[in-house]
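J.: sequence and predicted structure below; questions after.
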Number of protein chains: 2
Amino acid sequence: MSTPAAAPAGEPRREQLLNAADRVVQREGPGASMNAIAAEAGITKPILYRHFGDRNGLIGALTERHTAGLLAAVRAALSEPLERRDQVEHVIDTYLAAIESRPQVYRLLTHPEPGDPTGAGNALAPALRQIAEEITRAVQTQVDLGADTPLLSEAWGRAITGMVLAAGDWWLEQKPCPRPRMVQALADLLWGRLAAAAALPPVVAPPAAEPDAPEET
Amino acid sequence: MSTPAAAPAGEPRREQLLNAADRVVQREGPGASMNAIAAEAGITKPILYRHFGDRNGLIGALTERHTAGLLAAVRAALSEPLERRDQVEHVIDTYLAAIESRPQVYRLLTHPEPGDPTGAGNALAPALRQIAEEITRAVQTQVDLGADTPLLSEAWGRAITGMVLAAGDWWLEQKPCPRPRMVQALADLLWGRLAAAAALPPVVAPPAAEPDAPEET
DNA sequence: GCAGGGTGTTACCTCGGGTAACATCGAGGG
DNA sequence: CCCTCGATGTTACCCGAGGTAACACCCTGC
C-alpha cells in the first residue's frame, strides 16, 4: 500500500506472525513447536524461518516485545522518588503484577530454553539480566555503600532478581496469599527481618523415654 | 559372581553407567546426548533405556547422587549451633563451594531441562526445591516470626534459594571476587544493608551550561 | 512485458529421544 | 546333558522437531 521504500513505520506481516506466536505460547507455554506456531499463523515453517532466522530469533523477537513493557515498568518503578522501602515494594509489586497477568508469557521471558552451550549456563534469562542491570544501576546511583558499591550493586542486582524470580514463581503457582502480602514478605526479607527476629529456643534434647530412631544420612 | 539372588548391596553395572554419564556431563555439560553417554560407557542406547527408562530417569538418578551430597552439606550447615549470621554465611558458603568445585554437575542440578509442561514452570529444580524446603524448616524451627511464620518461612525459603542461585551463577561465571567476599555480600543483603545504607543525593538537574543529549526512552 | 521482492508451498535432511526384535552368555534345574 | 531364564548386548528402526532447498505465485514498477 503506502509503504514506499523500505519499512516506514512497522512491518505488519512480521507483527502478525509474532501475534500468532504469542497466542500459541500463551496457550501451550514456551516450548511450543515451530510447526504449531506456523499453523496458528495459517502458514508453514519456512516463512517463519525467513522472518526470524531460527527459533531463537523468533523467541527472541517475541521476548523483546514483552520485555520492553516489563523493563519499562520496572525502570519507572526504580526511578520514582519514593522512600526506599516504598520503592522496593513498588518494584517487587510491579514484577509480581506482570507475571500474574500473563503467566505463560512471563514464563517465556524468565525461563529460556537452556540449549545455549556457547556462553555458559546463565541462571537469568536476558530479560531478567536487563532487570538485574537496572537494579544494579539504581543501587549505584541511589545508595551509598562506600568502596563496596561496585561489587555489591552488581551482586545484589542479580541476587534480588533471582530472589524475586524464585519467590514469584512459587507464589504464582501456589497463590498462598494476596499479592501485597507477598510483596511485604519479600521486602521484609530485604529489610533484615530474618536477621532481626528473635531466636526460638533450640529444640531441647528429646525426652529420654522416646528413643526415636535418629536418621543420620 | 557372588550375587546370589536379587541385588545384595548395590548394582555395580548401574553405578558404572551413572559414572559414565557423570563423566560426559562433566565434560559436555547438561544436554549431553544419550548416544554420547552410551558411547562413553562403551555400550549402546537401549541398555541405558533399560536401566533408567528414559532420559529423565537417567538424569534424575544422576542428579539424586549429587543432590544427596549437596543437600546433606546444606542440612548440616543449617543445623549447626552457630550465631545466626554465622550460620547463614556458612550455608551460603557451602552452596558456593559446591558449585565452584564441579560447575557442570551443579549446573545439571540447578538448571534442569524445561521440557516438563506437566506440573508447571518451576523456577527451582528439584534439588533446589529440597534446599528451599530445608531453609523453610530451619526458619520455622529457629526463628520467631509470630503468626507470619508459615507464610514467611516458605516464601523466604524459595526467595533465599533463588537469590543464592542467581547470584552464585553470576559469581561462578565472572569470579569478580573471592568466595568469602561473595558470601559477605549476600549475607549483608539479607542483613538489611541495602535498607540501612545512607541515600546518595538525588541526581541534581544537569548543569544548565552542558546540553548533554538526554536519552529519554 | 518483464524483473524483482515478498509470500507461499512441498519435500527433504539431520539429530536426538525412544523402541522392537533379535543374539549371546552364564547359572541353575529337570 | 540339555533347556530355560534373566541379564547384557546388538542392529535397525520410528517419530517429532529444528532447519533448509527448490520451486510457484502475485503484485509492483520500470
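T.: Noted; the coordinates are in hand. Residues are numbered from 1 along each chain as shown, chains lettered A, B, ... in the order given.

J.: confirm residue A:43 sits in a helix?
T.: No. Looking at residue A:43 with DSSP: H, G, I helix; E, B strand; the rest coil, it is coil, so not inside a helix.

J.: give me the number of residues near it?
T.: Residues lying near residue A:43 (other CB atoms under 10 Å in any protein chain shown) number 15. Placement of C-beta: from N, CA and C, glycine included.

J.: chain neighbours aside, what residue packs nearest to it?
T.: residue A:17 (7.9 Å; CB to CB, 6 or more residues apart in numbering or on different chains).

J.: that neighbour and residue A:25, how far apart?
T.: 12 Å (CB to CB, to the nearest Å).

J.: just residue A:141 next, same as before
T.: 35 Å.

J.: more neighbours, those two?
T.: Legend: neighbour count by other CB under 10 Å for residue A:141 and residue A:25, higher for residue A:25 (25 against 15).

J.: got a list of what the more buried one touches?
T.: Counting by CB atoms under 8 Å, 6 or more residues apart in numbering or on different chains, residue A:25 makes contact with A:32, A:62, A:104, A:105, A:108.

J.: hmm, the helix or strand where the fourth one lies touching DNA strand D?
T.: Spelled out, that is residue A:105. Assigned by DSSP states H and E, residue A:105 belongs to helix A:103-110. No. Judged by CB under 7 Å from any atom of the strand, helix A:103-110 stays clear of DNA strand D, getting no closer than 13.1 Å.

J.: lowest-pLDDT helix or strand in chain A?
T.: helix A:103-110 (a mean of 82; mean pLDDT, DSSP states H and E).

J.: just to revisit the earlier point, quickly find the element holding the residue nearest to residue A:43.
T.: helix A:12-28.

J.: now the spatially most central residue of chain A: how far from chain B?
T.: Residue closest to the average C-alpha location in chain A (CA atoms, centre = their mean): residue A:110, at 4.4 Å. To chain B, residue A:110 is 7 Å away according to CB to the nearest CB, to the nearest Å.

J.: just to revisit the earlier point, how far off centre is the helix holding residue A:17?
T.: 20 Å (CA atoms, centre = their mean, to the nearest Å).

J.: same question, stretch A:178-197
T.: Distance, centroid of stretch A:178-197 to centroid of chain: 19 Å (CA atoms, centre = their mean).

J.: and it, how far apart are its ends?
T.: 23 Å (CA to CA, to the nearest Å).

J.: that stretch and chain B, are they touching?
T.: Yes. Judged by CB under 8 Å from any CB of the partner chain, stretch A:178-197 and chain B are in contact via A:181-182, A:185-186, A:188-197.

J.: closest one of these to DNA strand D?
T.: DNA strand D lies nearest to residue A:182 out of these, by CB to the nearest atom of the strand, at 33.6 Å.

J.: please give the element, helix or strand, for that closest one.
T.: Secondary structure (DSSP H and E) places residue A:182 in helix A:179-190.

J.: which residues sit against the helix or strand that that helix is followed by?
T.: Counting by DSSP H and E, the next helix or strand C-terminal to helix A:179-190 is helix A:193-196. For helix A:193-196, the surrounding residues in contact (CB under 8 Å, 6+ apart) are B:84, B:85, B:88, B:139, B:143, B:145, B:152, B:156, B:190, B:191, B:192.

J.: for the residues you listed, give me CSV that also has neighbour count, secondary structure and distance to residue A:174.
T.: Output for the contacts of helix A:193-196, formatted as CSV (neighbours: other CB atoms under 10 Å in any protein chain shown; DSSP: H, G, I helix; E, B strand; the rest coil; distance: CB to CB, whole Å):
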residue, neighbour count, secondary structure, distance to residue A:174
B:84, 16, helix, 27
B:85, 13, helix, 30
B:88, 23, helix, 25
B:139, 22, helix, 17
B:143, 20, strand, 21
B:145, 19, coil, 19
B:152, 26, helix, 14
B:156, 26, helix, 14
B:190, 27, helix, 23
B:191, 20, coil, 27
B:192, 18, coil, 26
